[in-house]
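J.: the sequence isn't on hand, but the structure is:
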C-alpha cells in the first residue's frame, strides 16, 4: 500500500469503500481457496482497488480526449503516408505527455500502396456517376479507364460456381449485402479474394458492394490480395446505395456498362513503427500485460472508431493507473501497432521482435472493434489461473460485462501471439453500428459517445491492473502454445 | 356519375361506402349551407368520392415506382447538364406512358454553371483533407488553388459586424450550425450572401459549414449569389463533420491555414423545359388545378427527396384520377419545373407564359419538401370558398392532416403565381429528416419509405380532385392579387 500514499483521490475513496462495506457485492471466498504460502486468488484489498478503478475510471474522460487529439491533430494515417509518420510522432509525444515510464518505437517494414484517382460511372443504358473507392492493393486501370458490361453475383460463392464464358471480358459485380455486424466474416472474402477469382475466369475488373451495414452513399475501402499466378485486375467497392441502384438497372434486363478509372498503385517499401509506452511494474517489471490498438487507419475518414478508439482506450487505461499511483506488480505495456489494415504488419513485427520472451507476457488484449462498451470478457489462460479470471469477471460484471469462455481471441494484431503461446483475453466490444462507419469517410470523431468509450477504458484499466497484479502467472509459454494446437 | 361507369374498382368501393355508411365520419351539413340554385359546398356524393380517393390512393404505390424510375433511369439532373436533358425526355415519355390527355413542354432559359474539381485541405498546423463542395454559381480559384488562414464566424450576422482589417486576405469560415429543419431560413443566408459580405471586407474565399442537420461526412451544396459591384470570390461548403473538426483546430489557438481548389465556372446560356401533363376536365377544361414539383436536382445525389419525390407525388396523384375514370369538372395540370435550384427559373418562366390567364388557375400547390407525409393543409382563397376548404380539410383529417390558415405558401416555383393572384394551397410535408439529405450525395432512392410518399400522393389526389370538382371558383385574379398586398 506504500504506492497508494500519495494518491489522495484513490486513498479517500478506498477508505470510504472499506468504511461502508461497498466491496463490490460479490462473494470473495478468499480464505477457502488459498494454499499455504501461495496466494492463488486476489486479496480482498486488491478486489477493492479493482472495483475503485472500475468506478473511478468510468468517470474519467481521458480516452475521449486522447481520441479527440489523434483525430484532430493527425486525422487520416494510412500506412506509408505522411499521416502515418505524423501519427507515430503524435504517439511518442502523447505517451511522454501522459507520463509513461518508458516510451520507444520498433520498426515495421511493409510494401506501401497509394490511392489515386478513383471514378466510376454507368455508361449505358442509364448514364450516371457512382460513389466508389479503390480497394487497398488494387492496381490501376489503363490511363483513361476501362469500360465493360457488368455481371452480377449474389456472393463470392456464386462467382466461384459460375462458368468462365459468362465472365470473360466483363466487370464482375459482387452484390453481397452485409445484413448485420455478425456477417463481416461471411461477406469480406468477396473483397479480399474476389479479384483473383474473377480474373481467373477472364474478368477485366471487379467492383463489389461495400462490406458495411449502412445505407449512406459512402463506399467502404479495405484490403484485397492478388493470388500468385493469376493476372491482377483493378478492384473497387461501391456504396451500398449505389449497389442497390445498379442492381435496379440490371433488373431491367439490358446490358449495363460501367466505366472504371483507378490510378492506385504499389509504392515501394516503407518503414513505420510500433509505438510503445510502459508503466513499469513494482515487483515483476520484466513481466507485462500487453494492451493496445492499431495506430494506422484507412485514409478516407479520420480513423476514430478504427482504430483511434482502441489506441485511446489502451493509453488511457494505463495512464489512469499511473496517475493514481496504483502501480501493479507487473508492467503494463501499451503497443500502438503499425499497419494493421494492410496485413497485420505491426502485429507480425512485434511477434518477431519478442518471440523469445513469450513467457514474459502475463496477458494480451487488443481493442479493435470501435468505441465500446465492452460486453463480455473471455480468457485463454492455464487452468490454475481460472479462479483469478472468475474474480476479474465478477469485478467487471457491474459494467454489464458477461463472463466468456477460456478460448479468447486477443485481437487481430495479437492473434499470432496467442498462437505462439501468450495468455490472452478477449474484451468484446459492442459492434452493432461499427460496420456502418468502418473504412468510410464517415469514421470521424463526432460519432464517439463519451459514455461508451469511457466504459471501455475503465474495463481495460481493471483488466490491465488485475492481470498485472495477479498472484499467479497466467501460463504464457509452451503449455499454452500446445493448447492452441489441440 | 357517367364518368364512373367504367371504373369497376372505384364503383365497387363507392357502393360499399354507401351501403355501410362509411362516408368519412364528419358532419356534412349539406342542405343547411346550400343557397337556392348554386351549390356552395361539395355534395355528399362528391365527399364520398374524395374519401374513396384518399383511402384507395394511399394503397397505390405508383408514386414510389415513378420515383424509382426517375432516380434509376435518370439520376442526377442538375440544370444545364446532360442529366437535365435526359430528365426532360424521361418526363415527356412518362407522362405519355401514364395516359395523360395532353403532354407538352415550355422553354426555360437560364445561365448555366458547371462544377469542376473541388478540393480542400488543412495545410497547417494539422494537415488533413476536408470533405467540401462548391456552392452553385461559385467562380473557380486560381489553377493550383489558394491558401490562406481561416477566420471563423458563428453566423453571417457576426461576419457582417466584424471589422474588415480582421478579414482582409483570409478565408472566411461561417460555422453556423443548423439545429433542426425549422432553421433553414435562419442559416441559409450565410450560403447565399456570405461570399459578397466576406469579399466586401477583403476575404479571398469563403467556406461555410453545410446548411444541413446531419452528422455525416457529406457537404451540402446549394446556390449562392454574387452581389453586383463586389468582387466575386470562390465559395464552398464543408460537411458538418469537417466543420466540427476545423473548429476544434481553431480552438487550439494557432492560425489554421486552408488550401482551396475549385474549377467551377459559368457555362453560357442553356434552354431547358417545364414539362407539363394534363388530365382534361369534363366541364371546365380551361380552368385548372396546378400541381407539381421541380424536375431538376443538384448533381451530388440522385434527387430523390429534392425533388423527385414532389414530381412523383404530383404525377401519381393525377394519374390515379385518370386511371380510375373519375375526372373532375376542371383540368388537373401537372408541371415539372425546370431549374428551381439555381433561381426558380422554371417557376418564373411559367408565370411569364401564363400571366394573362391567372384567373384560370383554380388552385396551385407544389410539393418540394421531401417524401411526406403531409401534415397540414392551408389555403389562400376568397372568403366564399372557405367552406369548401373546410370540407377538403375534413376529408383529409383521417390522414393525420391538420387544418391550416388562409395564408398558404404554394411552394417555391408557385410563390410568384400567388403574388400574381393565384388561389393557392400549402400541403405541408413533414421535413424532420429532409435537411439530413438535402443537396448531398446521400439524396438517393433508398431513403424513400412507401408509406410516407403514398400518403402524400393520396393527399395530392384528394386535393386536386376536390379543387377541380369544386362548385365555386376559388378566386384567382385581381381580388386575391390585392389580398397579397395588404
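T.: Great, that's in hand. Predicted model only: the values in this text are computed from it and were never measured.
J.: looks like residue A:79 contacts residue A:115 (just checking).
T.: No. Residue A:79 sits out of contact with residue A:115 when judged by CB atoms under 8 Å, with a separation of 11.8 Å. The C-beta positions use only the backbone N, C-alpha and C, and glycine is treated the same way.
J.: pretty sure residue A:105 is in a helix, no?
T.: No. Counting by DSSP: H, G, I helix; E, B strand; the rest coil, residue A:105 is not part of a helix but strand.
J.: was I right to think it contacts residue A:95?
T.: No. If you go by CB under 8 Å, residue A:105 and residue A:95 don't touch, sitting 9.8 Å apart.
J.: residue closest to the middle of chain A?
T.: residue A:368 (2.0 Å; CA atoms, centre = their mean).
J.: residue contacts, it?
T.: Contact partners of residue A:368, counting by CB atoms under 8 Å, 6 or more residues apart in numbering or on different chains, are A:293, A:294, A:306, A:307, A:310, A:340, A:411, A:412, A:413.
J.: out of these, who has the most neighbours?
T.: Greatest neighbour count in the contacts of residue A:368, by other CB atoms under 10 Å in any protein chain shown, goes to residue A:310: 33 neighbours.
J.: where does that residue land in three-state SS?
T.: Once three-state DSSP is applied, residue A:310 turns out helix.
J.: was I right to think it contacts residue A:366?
T.: Yes. When contacts are counted by CB under 8 Å, residue A:310 is listed as touching residue A:366 (6.6 Å).
J.: might you report the residue contacts of residue A:91?
T.: A:275, A:295, A:311, A:336.
J.: and it, which helix or strand is it part of?
T.: For residue A:91, the host element (DSSP states H and E) is helix A:82-97.
J.: for that helix, which positions count as buried?
T.: If you call a residue buried by 16 or more other CB atoms under 10 Å in any protein chain shown, then helix A:82-97 has these buried ones: A:83, A:84, A:86, A:87, A:88, A:90, A:91, A:92, A:94, A:95.
J.: mind picking the two most distant members of those?
T.: A:83 and A:95 (18.5 Å; CB to CB).
J.: I'd like to know how far residue A:179 sits from residue A:428.
T.: According to CB to CB, to the nearest Å, residue A:179 stands 20 Å off from residue A:428.
J.: same thing with residue A:160?
T.: Distance from residue A:160 to residue A:428, by CB to CB: 32 Å.
J.: please apply the same query to residue A:310.
T.: 13 Å.
J.: identify the contacts common to the two.
T.: residue A:369.
J.: what ranges do the strands span in the stretch 351-486 of chain A?
T.: A:361-366, A:374-380, A:402-403, A:424-429 (DSSP state E, counting those that start in this stretch).
J.: got the residues of the stretch 251-400 of chain A near chain B?
T.: Contacts of the stretch 251-400 of chain A with chain B, taken as CB under 8 Å from any CB of the partner chain, map to A:301, A:302.
J.: hmm, residue A:279 is touching residue A:326, no?
T.: No. Residue A:279 lies out of contact with residue A:326 (CB under 8 Å); the separation is 10.0 Å.
J.: looking at those two, which is more packed in?
T.: More crowded of residue A:279 and residue A:326, by other CB under 10 Å: residue A:279, with 30 against 23.
J.: which ones are touching that one?
T.: A:100, A:101, A:318, A:319, A:321, A:322, A:327, A:331, A:332.
J.: show the pLDDT at it.
T.: Predicted confidence (pLDDT) for residue A:279: 98.
J.: and it, how far from residue B:326?
T.: When residue A:279 is compared with residue B:326 (using CB to CB), they lie 79 Å apart.
J.: where do the strands sit along the stretch 151-300 of chain A?
T.: Counting by DSSP E, counting those that start in this stretch, the strands of the stretch 151-300 of chain A are A:171-174, A:205-209, A:235-238, A:257-262, A:265-279, A:284-294.
J.: pull the contacting residues for the residue nearest to residue A:69 when sequence neighbours are not counted.
T.: Take residue A:69 and drop its neighbours on the chain: the residue closest to it by CB to CB, 6 or more residues apart in numbering or on different chains is residue A:94, 6.9 Å away. Counting by CB under 8 Å, 6+ apart, residue A:94 touches A:66, A:69, A:70, A:315.
J.: what residues sit buried inside stretch A:211-228?
T.: A:211-214, A:216-226.
J.: looking at residue A:79 and residue A:115, which is more packed in?
T.: Using other CB under 10 Å as the criterion, residue A:79 and residue A:115 rank with residue A:79 on top: 29 against 20.
J.: run the chain-centre distance for stretch A:396-409.
T.: 18 Å (CA atoms, centre = their mean, to the nearest Å).
J.: pull up the distance across it, start to finish.
T.: 19 Å (CA to CA, to the nearest Å).
J.: what's in contact with it?
T.: By CB under 8 Å, 6+ apart, stretch A:396-409 touches A:24-26, A:54, A:58, A:365, A:373-381, A:386, A:389-390, A:393, A:415, A:418, A:424-426, A:428, A:455, A:458-459, A:462-463.
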